[in-house]
Every structure is written in structure tokens, then in C-alpha cells.
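J.: pasting the structure only:
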């Protein structure tokens, strides 16, 4: 990419947690940000925070697994900022740590739809614009659960493993055409993501033995810094990488 400032950046799940931290970090270095989130109030608050600091931002609210919302994100970015230089596929939800025999159809379909289908839809919509410009960076928020089977339930683990595959596929398919794709794999992170877990169920019982390796949780800003790096010129020769930001959990 030609510059690390004044780019047009789309961040999903930008109303809170890692997404909010990433949106503020990009805006803080002079980028313009599309703040995409399901929560209208949270998205508006982040836009106000960016604009209050002198930056440029616009909110798009809706379910990103809906093609109409994806189309709105892309149209808004192009209309307001004239390009899409960076896409951060960050939005996601946690499962109930269910073992596969206990996963309901509803949980499976919701987790895959939000955590894997939505990033696919956005990537599919954005890549043609990046190819036309001859440059672009996509950064996915995967998870420690994308690297192992002991960090989440079956649905979340499958979705995040899918994100790693999608990241690597994009990196290969567009290698040499100016479009890069990478992912971070956060470990324990302080966010507002909610867990609804039955501690007596098979999944939590099995996973409990491994959770002592999590270590000290990181702040959302730590994860955001890794995202900003992977989208930057400093990472111009990095594509298809999955960067653990987990305090060494993946090394245990």
C-alpha cells in the first residue's frame, strides 16, 4: 500500500472491544473509518469519538451476514471515502463451549453465519475494489481457538479454523496482485464478549483442564496494534500469516 495514513478502512464489530480499539487506532494515525456494528448506539459513539478528535468516520448498522448490509458497507465506504484500502473482519460472537454432541442446529448456524459467512461476504465484496486499485489489506480476527481444539466449543472452533483457511486462500489467490490477507489469533482478551456456559456440560468440563494456560488477558488495544501493523506498509511482504497475540499461550 502506498501510505499508512488517509486510507479508507472498514472495521466490523467496531462498536466495542477489539473492533473499537482498532477503529480508534486507525483514525488516530489519520485513516478514515467505516464503523460497522450491529449496535447502533455503540457505533454512533465510536464515530463521535473519532470525529471529536478531528478524524473522519461513518457508521453502518446491521447484521453483516445479510448481503444487503454488506452492500451498504461497501457503498458507504466508496461514497464517503472513495476507496476501501483496508478491511478488518473482526465482528464475532462466542459459543457456549458446547461439545459437538451438545451443539444445537441453532447455535451451529448462528456461529458459522456470523463468524465465518459474514467475513466471507465482506471479503468477496471488497476484493474487486482492491484489485482495481492494485492494493489492499484484509485482516481477520481469528482466535486462539483457530490454532487448537481446546480453547472454545465445537461451533466457534470450527468457524475460527475456517477463518484461517479463508485468510490463506485469499493470500494465495491474489498473491502478486497487491491484495494481502492476514489474521491475528487473540488469546485471552478483556472485551465485552459474553459467554453463556453450563459449567457441568461436557464441553466446559473437558476444556477446563486447559484453561490454566491462558495467562494474563490482554487489553483490546494490544490486539488492535497487531491489526494495524498487519495492515501497514511495515507488513507489506506478509500475507497468509496468522499472528498469535496470546502472551505465549499457543507456545504452551
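T.: Here it is on my side, so go on. All of these numbers come straight from a predicted model, not from anything done at the bench.
J.: now stretch 73-87: buried residues?
T.: Going by neighbour count (16 or more other C-beta atoms under 10 Å), the buried part of stretch 73-87 is 73, 74, 76, 77, 81, 83, 84, 85, 86, 87. (Glycine included, C-beta is placed from N, CA and C.)
J.: do stretch 25-45 as well
T.: Quick answer for stretch 25-45 (16+ other C-beta under 10 Å): 25-27, 31-38, 42-45.
J.: contacts only, for residue 93.
T.: 110, 111, 114, 115, 193 (C-beta atoms under 8 Å, 6 or more residues apart in numbering).
J.: so it, which of the three states?
T.: coil (DSSP: H, G, I helix; E, B strand; the rest coil).
J.: begin at 19, not 1, for the rest of this chat.
T.: Sure thing, new numbering starts at 19, so read that last one as residue 111.
J.: so where is the stretch 169-270 of the chain shaky, pLDDT-wise?
T.: 210-216, 218, 221, 228-229 (pLDDT under 70).
J.: thinking again about what came up before, from the buried residues of stretch 91-105, pick the one nearest residue 77.
T.: Residue 77 lies nearest to residue 94 out of these, by C-beta to C-beta, at 8.7 Å.
J.: and residue 137, helix, strand or coil?
T.: Applying three-state DSSP: residue 137 is helix.
J.: for the longest helix along the chain, which residues meet the burial criterion?
T.: Longest helix in the chain by number of residues (criterion: DSSP state H): helix 172-191. By neighbour count on 16+ other C-beta under 10 Å, the buried set for helix 172-191 is 172-182, 184-186, 188-189.
J.: after that helix, which helix or strand is next?
T.: Following helix 172-191 in sequence order, the next helix or strand is strand 197-204 (DSSP states H and E).
J.: check which helices and strands that next one is in contact with.
T.: helix 136-151, strand 154-159, helix 172-191, helix 238-248, strand 260-263 (3 or more C-beta pairs under 8 Å, 6 or more residues apart in numbering; DSSP states H and E).
J.: residue 193 touches residue 255, doesn't it?
T.: No - in this structure, residue 193 is not within contact of residue 255 by C-beta atoms under 8 Å, at 11.2 Å.
J.: out of those two, which sits in the more crowded spot?
T.: residue 193 (13 against 6; other C-beta atoms under 10 Å).
J.: circling back to that earlier point, just give me the closest of the contacts of residue 111 to residue 199.
T.: residue 133 (16.5 Å).
J.: list the contacts of that closest one.
T.: If you count contacts by C-beta under 8 Å, 6+ apart, then residue 133 has 110, 111, 174, 177, 178, 180, 181 around it.
J.: tell me which stretches of the stretch 19-168 of the chain form helices.
T.: Secondary structure of the stretch 19-168 of the chain (DSSP state H, counting those that start in this stretch): helices at 35-46, 58-70, 85-99, 123-130, 136-151.
J.: what's the angle between the longest one and strand 154-159?
T.: Just to be clear, that refers to helix 136-151. Here helix 136-151 runs at an angle of 160 degrees relative to strand 154-159 (axes from the mean of the first three to the mean of the last three C-alpha atoms, to 10 degrees).
J.: neighbours of residue 119, just the number please.
T.: Neighbours around residue 119, by other C-beta under 10 Å: 8.
J.: please disregard the earlier target; I meant residue 237.
T.: Neighbours of residue 237 using other C-beta under 10 Å come to 13.
J.: before we move on, what about residue 28?
T.: With other C-beta under 10 Å as criterion, residue 28 counts 28.
J.: now do the contacts for the residue lying closest to it once chain neighbours are set aside.
T.: If the residues on either side of it in the chain are set aside, residue 28 comes closest to residue 52, at 4.4 Å by C-beta to C-beta, 6 or more residues apart in numbering. Contacts here follow C-beta under 8 Å, 6+ apart; on that basis residue 52 touches 26-29, 75-78, 91, 94-95, 98-99.
J.: contacts for stretch 94-103?
T.: 19, 25-28, 49-50, 52, 74, 76, 78, 92, 144, 147-148, 151, 153-155.
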